[in-house]
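Trainee: coords please:
(2 chains)
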Amino acid sequence: MKHLKREMSYHLMLLPGMLVLVLFTFVPLFGLVMAFQNYVPAKGISGSKFVGLQNFKFLFVLPDSKQILINTLIIALGKMILAIVIPVCFALLLNEIRIKWFKKTVQTVVYLPHFLSWVILASVVQFIFGYDGPVNAILSLFGVDPIMFMASNNWFRPLMIITETWKEFGYGSIIYLAALTSIDPGLYEAAAIDGAGRWKQMFHVTLPGILPMIILMTTMSLPNILNAGFDQIYNLYNPLVYETGDILDTFVYRVGMVERQYSLATAVGLIKSVVGMVLILSANKLAGKLTDRKIF
Amino acid sequence: MRKKINISDVIIFLVVLVMGLSCLLPLWNVVALSFSDSASATANRVRFLPVNFNLNAYKKIMEDAQFWKSFMISVVRVILGTVINMLLTILMAYPLSKSKKEFRAQGIYMKLAIFAMLFPAGMIPLFMVVKDVGLMDTIWSMIIPAAVPIGNVILLMNFFRGIPKSLEEAAEIDGASPFQVLWKVMLPMSLPALATLSLFCIVGHWNDYFTAILYINRTVNYPLQTYIRQITAAFDMSKITNIELLKQYLQVSSRNLNSAKIVVSVIPLLLIYPFLQKYFVTGIVMGAVKE
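Mentor: Just a heads-up that it's a prediction; the model follows:
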């Protein structure tokens, strides 16, 4: 009896949150029907005509789709690789710094960009890589003509990858710095007795020590392959670089919210949700197998 | 320990220094711009020290009614949003932290929550629901649809599971109801976790500009970040179809004023930054706890 009463309280606690989830996560799922319709806002979902897989077929023949997918994959993959490599290297190097106040100050500074929005950082990036900005000023010292980074299809993707890495590497290094502290100091002493210098110690003690964490973080980042970073690109791109900079998420926004082709945008969103879910479930499973940790 | 400084030390020091400066200098430049005069800022003569130091940009902001209106909308949104986020997070995390023996429906709720996290319906279907329930153009459109941050719920659930069972059982033997156990036993034990999650919510709400682009039609009701995006993207980016237009766009004449607005918009984050630094390590390590 007491047990039942307690369970009633648990249901009660979950009620408000579940109401929000039902209304804003489960009810919108019915809207996915639009992906199979030729949706006309005036007629609503019940009045619009069903067209089967026509929207999906259209996406497959649309020349832009292939380019958008390629852009998404390249930008996302570049970011994923650097999101592991740079924070790991930075953590390893910072670990070697013995001047305490310097280490603390650097940490304080490199975490900061993570907490600033892309709205703000976009104007910073536009200035730095602008036509008369500091990067071009430095390049001109070497006799390089100024580059319009923001309008160049050669530069836009690398720029997105570099600036994202710049924003997040400090924050990304925290997890590795935390992992470093749990390495047994005895291992370093043993290595030193064996005559290992500092670089050797870094590669043979420190790096293996944080390897499980590197594997976990790599696995958990795999689902991001379709997330090229909407906020960053939305704030930095323009029609001159759509060819190399347009990604799935910006495409959905433009087609859906700006051009009001609801059905087409919903179809793209649906594909992304399905693939995204499969990727997350696989990554979670893989993480459970490779390490003993899981996210859920 | 070795005291000798060798070439490796110098190289490592320099690399770390350069990486640190790369994060600091671009932001410092914005501060310098905000204290410079408009002409120097536009002519791109400002590097790391203000040119013709003055407070004109800040004086202009003081008189800018829309800036402060948006600022206040953001403040209200952060407060309401964080309180509601945390309330729902706590109320969901506690029952979910129970085993299936203690709470038979735990499994079903958990599956629903995870499904909700894994399978978003997408921008357009959610937009339609927000429109249909009449949230458009209200501050609630930026709060209610995202009121349950499921990732946070799972973090807190895991944290609750790490609290010794005996504490709960003792309270239950004394006749405490689940609400009392949650309030008097679990929450006081979870203060660092609650602080971390609240800070995540605060930063998330303060920095979000996009929800308002979707759901707020009248620009006078924009929160601060959306307002700043609107002024820094001085004209419609999608109209930039040639290089000359882009050059014009990048040479905004009010660069010092925009910089000052950016600085003021970042100040609230800097005020909580010491707390952020103290707690986000907890948060990140929490994210990788064992199942």
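
Trainee: for the stretch 1-150 of chain A, which spans come out with low pLDDT?
Mentor: Along the stretch 1-150 of chain A, the model assigns pLDDT under 70 to residues A:1.

Trainee: next helix or strand past the strand or helix carrying residue B:81?
Mentor: Residue B:81 belongs to helix B:65-96 when assigned by DSSP states H and E. The C-terminal neighbour of helix B:65-96 among helices and strands, as given by DSSP H and E, is helix B:106-118.

Trainee: got the CA positions of stretch B:29-48 in CSV?
Mentor: Coordinates of each C-alpha in stretch B:29-48 appear next as CSV, following Å, rounded to 0.1, in the frame of the first residue of the first chain:
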residue,chain,number,x,y,z
ASN,B,29,40.3,43.6,-30.1
VAL,B,30,36.6,43.9,-29.7
VAL,B,31,37.1,45.6,-26.4
ALA,B,32,39.6,48.0,-27.9
LEU,B,33,37.3,48.8,-30.8
SER,B,34,34.5,49.6,-28.4
PHE,B,35,36.6,52.4,-26.8
SER,B,36,37.8,53.8,-30.1
ASP,B,37,36.3,56.6,-32.2
SER,B,38,34.0,55.6,-35.1
ALA,B,39,36.4,56.8,-37.8
SER,B,40,39.4,54.8,-36.6
ALA,B,41,37.3,51.7,-36.1
THR,B,42,35.9,51.9,-39.6
ALA,B,43,39.2,52.6,-41.1
ASN,B,44,40.5,49.5,-39.4
ARG,B,45,43.3,51.2,-37.4
VAL,B,46,42.4,49.6,-34.1
ARG,B,47,44.5,46.6,-33.0
PHE,B,48,44.9,46.0,-29.3
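
Trainee: so what are the domain limits for the chain?
Mentor: With no chain named, the answer covers chain A. Using automatic domain parsing, the domain parsing of chain A gives A:1-52, A:59-290.

Trainee: other chain: chain B
Mentor: Split by automatic domain parsing, chain B gives B:7-57, B:58-287.

Trainee: of all the ones you listed, which one is nearest residue A:237?
Mentor: domain B:58-287 (7.4 Å; CB to CB). C-beta: built from backbone N, CA, C; applies to glycine.

Trainee: for residue B:251, give me the pLDDT.
Mentor: Note for residue B:251: predicted pLDDT of 59.

Trainee: nope, residue B:289 is what I meant
Mentor: 46.

Trainee: cool, and residue A:254?
Mentor: 92.

Trainee: related to what we said a few turns ago, give me whichever of the domains of chain A is most buried.
Mentor: The highest mean neighbour count among those, using mean count of other CB atoms under 10 Å in any protein chain shown, belongs to domain A:59-290: a mean of 18.

Trainee: end-to-end on that domain?
Mentor: Domain A:59-290 has an end-to-end distance of 37 Å (CA to CA, to the nearest Å).

Trainee: check the gap between residue B:270 and chain A for me.
Mentor: 9 Å (CB to the nearest CB, to the nearest Å).

Trainee: how near is that residue to residue A:116?
Mentor: As judged by CB to CB, to the nearest Å, residue B:270 and residue A:116 stand 10 Å apart.

Trainee: format the domains of chain A as a markdown table; extra columns: distance to residue B:67.
Mentor: Compiled in a markdown table, those are given as follows (distance: least, CB to CB, whole Å):
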| stretch | distance to residue B:67 |
| --- | --- |
| domain A:1-52 | 31 |
| domain A:59-290 | 14 |
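
Trainee: can you redo these as CSV with distance to chain B?
Mentor: CSV is the format used below for the domains of chain A (distance: least, CB to the nearest CB, whole Å):
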stretch, distance to chain B
domain A:1-52, 3
domain A:59-290, 3
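
Trainee: kindly export whichever strand or helix holds residue A:234 (C-alpha atoms) in CSV.
Mentor: Assigned by DSSP H and E, residue A:234 belongs to helix A:230-236. The C-alpha trace of helix A:230-236 is given here as CSV (Å, rounded to 0.1, in the frame of the first residue of the first chain):
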residue,chain,number,x,y,z
PHE,A,230,24.2,25.3,-38.0
ASP,A,231,24.8,28.3,-35.7
GLN,A,232,28.3,28.9,-37.0
ILE,A,233,27.5,28.5,-40.7
TYR,A,234,24.2,30.4,-40.5
ASN,A,235,26.0,33.4,-39.0
LEU,A,236,29.0,33.3,-41.4
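
Trainee: what sits up against that helix?
Mentor: A:75, A:117-119, A:121-122, A:125-126, A:150, A:159-160, A:163-164, A:167, A:245, A:247, A:249-250, A:253, B:210, B:229, B:233 (CB atoms under 8 Å, 6 or more residues apart in numbering or on different chains).

Trainee: that older thread, quick one: closest of the domains of chain B to residue A:290.
Mentor: domain B:58-287 (16.9 Å).

Trainee: for residue B:241, give me the pLDDT.
Mentor: Reported pLDDT for residue B:241: 69.

Trainee: to clarify, my last question referred to residue B:20.
Mentor: pLDDT, read off for residue B:20, is 97.

Trainee: any idea which helix or strand comes after the one helix or strand it maps to?
Mentor: Here residue B:20, judged by DSSP H and E, is contained in helix B:7-34. Going down the chain from helix B:7-34, the next helix or strand is helix B:38-42, by DSSP H and E.

Trainee: tell me how far residue B:17 lies from chain A.
Mentor: In terms of CB to the nearest CB, residue B:17 sits 8 Å off from chain A.

Trainee: residue A:34 versus that residue, what's the distance?
Mentor: 54 Å.

Trainee: who are the contact partners of residue B:220?
Mentor: B:66, B:69.

Trainee: what sits against residue A:121?
Mentor: Contacts of residue A:121 (CB under 8 Å, 6+ apart): A:113, A:163, A:167, A:232, A:235.

Trainee: can you list contacts of stretch B:28-43?
Mentor: So stretch B:28-43 is contacted by A:123-124, A:127-128, B:46-58, B:251-257, B:259-260, B:262-263 (CB under 8 Å, 6+ apart).

Trainee: which of the residues you listed count as buried?
Mentor: A:123-124, A:127-128, B:46, B:50-51, B:56-58, B:252, B:254-257, B:259-260, B:262-263 (16 or more other CB atoms under 10 Å in any protein chain shown).

Trainee: and the top helix by length along chain A, what does it pack against?
Mentor: If you go by DSSP state H, chain A has its longest helix at helix A:63-96. Applying 3 or more CB pairs under 8 Å, 6 or more residues apart in numbering or on different chains; DSSP states H and E, one finds that helix A:63-96 contacts helix A:100-111, helix A:156-180, helix A:207-221, helix A:242-245, helix A:248-253, helix B:7-34.

Trainee: circling back: so for residue B:24, which of the domains of chain A sits nearest?
Mentor: Using CB to CB, the domains of chain A put domain A:59-290 closest to residue B:24, at 4.8 Å.

Trainee: just checking the distance from the closest one to the centre of its chain.
Mentor: Taking CA atoms, centre = their mean, to the nearest Å, one finds domain A:59-290 lying 7 Å from the centre of the chain it belongs to.

Trainee: stretch B:213-222 now?
Mentor: 19 Å.

Trainee: ok, and for that stretch, which residues are buried?
Mentor: In stretch B:213-222, counting by 16+ other CB under 10 Å, buried: B:213-216, B:221-222.

Trainee: in the residues you listed, find the pair that's most separated.
Mentor: B:214 and B:221 (12.9 Å).
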